[in-house]
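Engineer: this one's structure only:
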């Protein structure tokens, strides 16, 4: 994999730690910011990591977008809040290259991207979503991140059942995860991983109850508080405002019925 | 990939949410617990997820170990504290399948395992460690997790330089990460990711200073507080005691010198 | 108020930041520690803040106990966890000198001491407790802190009603605070403060519901996480282990029925 | 103390949990809100806790302001962030009725109010402030809270020394608390309490160093995270955004030089 920006690639234009822009490298176009515009032709064939000046002489750096950049830009949030949950969902459940994962709901596809990124190159994500308008947005985000081949989005209600069998993990980010627990059990291979993300305590409690009734073990609920530190010599301190709550994460493993 | 326990595999024997045991499936052996012993021969050829009784009739469940189980057992901690940091290191820096990653120091190999797991099947982790006694322990842990082919551990002091070039990420968990920042710059491909884990504020501040002086951008320091929730209908509450601090994570990206 | 240790006073013997001992100044006695014994006669008539040597030559400092020292020693905890909640209960509800406060249950009297300390010298705390064995312990703790004249402990079940009227605040630390909300309403003066401390989410939710049904306003639930920082030049970091949960605090104010 | 609103009193007009207004009861005046205006004459002689309608028929409740209401309105913040620190400063240091306390700097007088409230009726707060414009604001806030008789604000730089001797506590909320540590030592009675509030880690570290060099013991630094919980049956969750950092609190006690 060469490290040059090619036509059609995405580039993260970095102005400063608060301002970055995800831009497609399309010939002949200009990208306008409040600091002047960038000629996209100046980017193409340049190396990632290069500096580029806007027409008003302001320096931008052309970074290669990471998974998190795609995830963040897709969910329209400006800080790493959702990525922390995606990180824990993937890693604490052991989702990795080669895995088959069922997800519901797809939403804007942010978590779908994270899952697809980590099951590459031999795994697959089957993502259930009832709303077709969400599916369109999600498909766009998944394609933009270059992950379309690892994802199949299904316009189905996961509460009515999961088609796939012997999957490695079922990941839920939806209003009523407890209703899907029996389907997740049927779909998972023995010892497979269940994960659910829920904003409220009540959802987490109901999901845990359903898991215990359905022969899941190692049931555990956590929350993660991510705090940014302003590190300046002589003036180091945590950031004043913080996203203190996104949701609770519930993890479990499928045991076979005795 | 079949889902049966084969000779030589590792099995996570689950007794309850507080007690699990990582056991190798070796013919003819017994595994002793305070609840009696398990005949390993009874495990072999059984499906992961099955129940098994100890000689005193206590039920254990034979789970397939996840990445985190290997990580946790290798660092001899009983809760998901270090895994949270490993999760954020990997995901927030965008480390994924196919990446080449440099790590220092190897330590017990816990983070090495997480990195190797996620660069599979085409990536590689080069891990620097000065202490040969640590290397032995780390190699054992990496092998046990089945990740040896993705890892090369080097008995070298990373402060003297990094051999690899055009790497995707440099990940540091060592006492003086700031001394390695220039080497990381030389080793990384443009736009590549730097991550450092440090227990103290002072280490984080020095590392951030070195990064800013060495043409890194998107420099950010965070800490992550992971809280377990006891979800019992009618009695839900956060856990009383919590590991409130493991360390600070500093992330950055390499920009080209203008 | 002179600053000398008199017979009958309590002294906090400070050995180091982890070890302090609350001792009564009784003539002719010795106080034994693992660092030798202290002759109490050596303390009497000395100034608070003085050093004193044990018979083995180890230095202790004779501090005057603060409210928190009495509270901490009475609840047999070694860190400032409960005091943080006592601090918020008192201050955020505006309990202060001259107030009449109803408390239930008394328990070991730790919160009773904090309330009594702050309603001095003209206020009064009426504390309800059903268990007579607790009352004995609480009385001992209240007397030791020198606060007995500001406290009346009643061997009554607060669920059956509160005798006092026109009180400034009702403070509950008991299993079923929601059952006491109507009594608290009857007992409080209009605009008076209600506070409840509960370990579980479910208790807080039920209490909030009862408050809303009973014409309370400004209903608010919080939790407080207190983190200790190890401040050492060059090695500053938060403490590893932390008491991450004691309970939820619910505050409200009585409005008159329209 | 009667519970009726009298001319000249302050009233906290409560509209809902997000909107309250601190209003002086002045005859003949109207108080204008976006929900219409309130005739102040309708408030006077009414009981605290009563409902009152604006001219457009919207209900407000006339609460008696608590200490925190004065503190919050004086610091122009809408949530209980600073009050949590004031609560811990007062309670964890044992400041209480009858105490003599030195404070610096006065600032807007928010902490001054909290200290004065708790040293009543026989104690006194001496508050140092170099900026005369701040003193004017602080005096206004202290008077409004009805605490003027317990406070003396001094237009002096505390770095040049503290006039008072044998004080119970010295409380610092200023940029360079470490420079005041020797003066605090001279001013405090033996065993007396030192408290400092600082936004940055670096200030806390320097202050701790100065305390250790100046014969203070029980030196401890903490931070407090206060989290609001949205308690709604079936939808309970922590608030999304939180003030995650106000400052570090350092506590210490004066020991006599041996």
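Structural biologist: Happy to help now that I have it. On a predicted model such as this, the values are computed, not experimentally measured, just so you know.

Engineer: check contacts around the residue in chain A positioned nearest to chain C.
Structural biologist: Among the residues of chain A, residue A:201 lies nearest to chain C; the distance is 5.3 Å by Cβ to the nearest Cβ. Any C-beta I mention is one placed from the backbone N, CA and C, and that applies to glycine too. If a contact means Cβ atoms under 8 Å, 6 or more residues apart in numbering or on different chains, then residue A:201 has A:248, B:229, B:231, B:236, C:201, D:236, D:237 as its contacts.

Engineer: what sits closest to it if chain neighbours are left out?
Structural biologist: Among residues not flanking residue A:201 along the chain, residue D:236 sits closest, at 4.7 Å (Cβ to Cβ, 6 or more residues apart in numbering or on different chains).

Engineer: next one: residue A:119
Structural biologist: Per Cβ to Cβ, 6+ apart, closest to residue A:119 is residue A:99, 4.7 Å.

Engineer: and what of residue A:121?
Structural biologist: Leaving out its chain neighbours, the residue that sits closest to residue A:121 by Cβ to Cβ, 6+ apart is residue B:97, at 6.0 Å.

Engineer: check residue A:65 too.
Structural biologist: Among residues not flanking residue A:65 along the chain, residue A:12 sits closest, at 4.5 Å (Cβ to Cβ, 6+ apart).

Engineer: the residue nearest to residue A:121: which element?
Structural biologist: For residue B:97, there is no host helix or strand (DSSP states H and E).

Engineer: so it touches residue B:124, yeah?
Structural biologist: No. Using Cβ atoms under 8 Å, residue B:97 makes no contact with residue B:124, being 11.5 Å away.

Engineer: kindly provide the distance from residue A:251 to chain B.
Structural biologist: Here residue A:251 is placed at a distance of 9 Å from chain B (Cβ to the nearest Cβ, to the nearest Å).

Engineer: for the residue nearest to residue A:201, give its distance to residue C:142.
Structural biologist: 36 Å (Cβ to Cβ, to the nearest Å).

Engineer: comparing those two, which residue is more hemmed in?
Structural biologist: A count of neighbours by other Cβ atoms under 10 Å in any protein chain shown puts residue C:142 above the other of residue D:236 and residue C:142, at 26 against 22.

Engineer: check which helices and strands the host helix or strand of the more buried one is in contact with.
Structural biologist: If you go by DSSP H and E, residue C:142 is part of helix C:132-144. Where contact means 3 or more Cβ pairs under 8 Å, 6 or more residues apart in numbering or on different chains; DSSP states H and E, helix C:132-144 is packed against helix C:67-75, helix C:110-119, strand C:151-154.

Engineer: make it 10 Å
Structural biologist: On a contact count with 3 or more Cβ pairs under 10 Å, 6 or more residues apart in numbering or on different chains; DSSP states H and E, helix C:132-144 meets helix C:67-75, helix C:110-119, strand C:124-128, strand C:151-154.

Engineer: now do the helix or strand that the last one is followed by, average pLDDT.
Structural biologist: Moving toward the C-terminus from strand C:151-154, the first helix or strand encountered (DSSP H and E) is strand C:167-172. The average of the pLDDT scores along strand C:167-172 is 97.

Engineer: still on that earlier bit, residue C:205 is in contact with the residue nearest to residue A:201, correct?
Structural biologist: Yes. Proximity of residue D:236 to residue C:205 meets the contact threshold set by Cβ atoms under 10 Å, at 5.6 Å.

Engineer: show me whatever sits in contact with both of these two.
Structural biologist: Taking Cβ atoms under 10 Å, 6 or more residues apart in numbering or on different chains as the criterion, residue D:236 and residue C:205 both touch A:201, A:202, B:236, C:221, D:229.

Engineer: what about these, which are in strands?
Structural biologist: In this view, those that belong to strands under DSSP state E are C:221, D:229.

Engineer: which of the shared contacts of residue D:236 and residue C:205 sit farthest apart?
Structural biologist: Maximum pairwise distance in the shared contacts of residue D:236 and residue C:205, criterion Cβ to Cβ, is 14.8 Å, between A:202 and C:221.

Engineer: settle it for me: which of those two has more neighbours?
Structural biologist: Neighbour count, other Cβ under 10 Å: between residue A:202 and residue C:221, residue C:221 has more, with 25 against 21.

Engineer: let me see the contact set for the more buried one.
Structural biologist: So residue C:221 contacts C:196, C:198, C:201, C:204-205, C:207-208, C:211, C:248-252, D:227-231, D:236, D:238-239 (Cβ under 10 Å, 6+ apart).

Engineer: residue A:3 against residue B:190, yeah?
Structural biologist: Yes. Counting by Cβ under 10 Å, residue A:3 does reach residue B:190; the two are 6.2 Å apart.

Engineer: have a look at those two and say which one is more surrounded.
Structural biologist: Neighbours of residue A:3 and residue B:190, each counted by other Cβ under 10 Å, are more numerous for residue B:190; the result is 23 against 14.

Engineer: contacts only, for residue A:116.
Structural biologist: Contacts for residue A:116 (Cβ under 10 Å, 6+ apart) come out as A:67, A:101, A:103, A:109, A:123-125, A:127, A:142, A:145-151.

Engineer: nope, residue A:37 is what I was after
Structural biologist: Neighbouring residues of residue A:37 by Cβ under 10 Å, 6+ apart: A:29, A:30, A:31, A:54, A:55, A:56.
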